[in-house]
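Trainee: here is a sequence together with a model predicted from it:
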Amino acid sequence: MRILHTSDWHLGRQFHGLSLEEDHDHVLVQILSIIDDHRPDVVIVAGDIFDRANPPQGAIRRLSEFLTTVRAISDAAIVLIAGNHDSAAQIGAMGVLANDGEAIVRGPLDEDERPLIISDAHGPVAISALPFAFEYAARLCFEDDGIASPADVIRAQIASARKHIGDDMRWVVVAHAFVDGAATSESERPLVRTVGGIETVSATAFDRAHYVALGHLHRPQSVGHDHIRYSGAPLAFGFDEEGQEKSVSLIDLAPDGSVEVTVMPIKPLRQVRSIRGKLLELLAATGVSHDLVRVVLTDETPQIDPMKRIREFYPNAVQLAYDRNERPVAQRLEEQRAAIDDPQTLASTFLEFVRGDALSETEAGIVASALHAFETTEEGQ
């Protein structure tokens, strides 16, 4: 059986105030093309479909059009779950959009987690779709006051789901969680609401599952075992994701339950990247780039209205920093102390800050002469 696994679309999200609508359209067209070309039996979206609980109408329309197109081009079963950014009630209502064929859509928790069961030539495959929920909601659903962490929530969901898994079934679990040992990104929201709370879940919580389709973390990765996997987000949402190759995962589930993972690259409409250099060097660049850009200036002195000038060539520049401010605090303090101990360097640094130019050779001579006269006067006292 072939499964397409994707997650963390964050429809409706902005990047430092810039709309990502066209970027999302570009990504969804590629995912639909992969579905059309590779004919998966199941399409999984493992949570964080939207970026917030009350998404804009454009985001809802994109999901609706995606599901309608999946139904038109394939016979794939559809599996959707709510993530921590989603409204559980809203995702639950999305089941209406996927009801023309086999589908399982989970928004709110269910104390009786019944799977979607589909069959291929080698027998039945059970798919348990476990939506994200905070501890308080799980305590009410499962009537268990001992649920105190995300791991407890997952364990309660798995225990409920496992009751419906026969010995003759291959088992796929879809969940939105932070599994121990996985690599994070800056743009992910914590799964706990208490300071110091433990948000990670052990991979052993998914024992007996043949494939675990995870959402929440934005880096594509397997955790501990090939069959426990994050597909990752198909778009970069932070500059720490610069250079990451985004993708969706095609999973071939063998008759014995083993899996083969094929990574299908997704090419962004715009790259997320940092550029570095002196302002005049960056302004000398040929052509205009529409990438989402962070600018790091290596000029020693502040520049006049640098962002306005940079946006003539990089209209989607969204962050500006000076390299000198990014050096470790201890290093900057040491440099400042060294300058204080060397009056000539201190004078040169001051003039460069005030007027933009360091001491000229003639001025350096004047300063050196004045310092020497001062030292001679002090020695004579």
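Mentor: Thanks, I have the structure now.
Trainee: any idea how far Val172 is from Ile35?
Mentor: Ile35 sits at a distance of 17 Å from Val172 (criterion: CB to CB, to the nearest Å). All C-beta spots, glycine's among them, are computed from the backbone N, C-alpha and C.
Trainee: looking at those two, which one has more neighbours?
Mentor: Val172 (29 against 21; other CB atoms under 10 Å).
Trainee: verify the stated contact: the more buried one with Pro124.
Mentor: No: assessed by CB atoms under 8 Å, Val172 is found out of contact with Pro124, at 11.2 Å.
Trainee: for this protein, give me the ranges with low pLDDT.
Mentor: 96-100, 192-197, 326-341, 344-345, 348-359, 372, 374-381 (pLDDT under 70).
Trainee: whichever helix or strand Ile78 is part of pairs with which strands?
Mentor: Per DSSP states H and E: Ile78 is located in strand 77-81. The strands beside strand 77-81 in its sheet (DSSP bridges) come out as strand 42-45 (parallel), strand 103-106 (parallel).
Trainee: so which of those comes closest to Ala151?
Mentor: Of all the strands paired with strand 77-81, it is strand 103-106 that lies closest to Ala151, at 19.0 Å by CB to CB.
Trainee: phi, psi of the residue nearest to the spatial centre of the chain?
Mentor: Nearest to the geometric centre of the chain sits His218, at 3.6 Å (CA atoms, centre = their mean). Phi and psi for His218, reported as degrees, to the nearest 10, are phi -90, psi -10.
Trainee: give the contact list for it.
Mentor: Asp8, Ser185, Ser187, Glu188, Gly232, Ala233, Ala236, Phe237, Gly238, Glu241 (CB atoms under 8 Å, 6 or more residues apart in numbering).
Trainee: looking at these, which is nearest Glu361?
Mentor: The closest of the contacts of His218 to Glu361 turns out to be Gly238 (CB to CB; 46.3 Å).
Trainee: you'd agree the closest one is up against Glu186?
Mentor: Yes: Gly238 lies in contact with Glu186 (CB under 8 Å); the separation is 4.3 Å.
Trainee: neighbour count for the two, which is higher?
Mentor: More crowded of Gly238 and Glu186, by other CB under 10 Å: Gly238, with 16 against 10.
Trainee: OK, contacts around that one?
Mentor: Ser185, Glu186, Ser187, His218, Val272.
Trainee: what of Thr184?
Mentor: Contacts of Thr184 by CB under 8 Å, 6+ apart are Phe178, Leu217, Arg219.
Trainee: report the separation between it and Gly238.
Mentor: Counting by CB to CB, the gap from Thr184 to Gly238 is 11 Å.
Trainee: follow-up on the earlier one: which one of the strands paired with strand 77-81 is the most hemmed in?
Mentor: strand 42-45 (a mean of 27; mean count of other CB atoms under 10 Å).
Trainee: which one among the contacts of Thr184 gets closest to Pro55?
Mentor: Comparing the contacts of Thr184 against Pro55 with CB to CB places Leu217 closest, at 20.8 Å.
Trainee: re the thing from before, for the strands paired with strand 77-81, give me TSV that also has distance to Glu135.
Mentor: Output for those, formatted as TSV (distance: least, CB to CB, whole Å):
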stretch	distance to Glu135
strand 42-45	24
strand 103-106	18
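Trainee: of these, which approaches Ser74 most closely?
Mentor: strand 42-45 (7.8 Å).
Trainee: contacts for that closest one, please.
Mentor: With CB under 8 Å, 6+ apart, strand 42-45 has contacts from 1-7, 9, 35, 70, 74, 76-81, 118, 127, 172, 174, 213, 215.
Trainee: which of those fall in strands?
Mentor: 2-6, 77-81, 118, 127, 172, 174, 213, 215 (DSSP state E).
Trainee: where do the helices sit along the chain?
Mentor: Secondary structure of the chain (DSSP state H): helices located at 21-38, 57-73, 88-93, 135-142, 150-162, 279-283, 306-310, 323-326, 329-341, 343-355, 361-380.
Trainee: state the distance from Asn84 to Arg2.
Mentor: Here the criterion is CB to CB. By it, Asn84 lies 28 Å from Arg2.
Trainee: quick one: which of those two has more around it?
Mentor: Neighbours per residue (other CB under 10 Å) separate Asn84 from Arg2, with Asn84 holding more: 24 against 16.
Trainee: correct me, but that one touches Glu199?
Mentor: No: checked against CB under 8 Å, the pair Asn84 and Glu199 is beyond contact range at 9.9 Å.
Trainee: returning to what we had before: farthest-separated two in the ones in strands among the contacts of strand 42-45?
Mentor: Longest span within the ones in strands among the contacts of strand 42-45, CB to CB: Ile118 and Gly215, 20.5 Å.
Trainee: looking at the two, which is more packed in?
Mentor: Neighbour totals were compared for Ile118 and Gly215, and Gly215 leads with 30 against 17 (other CB under 10 Å).
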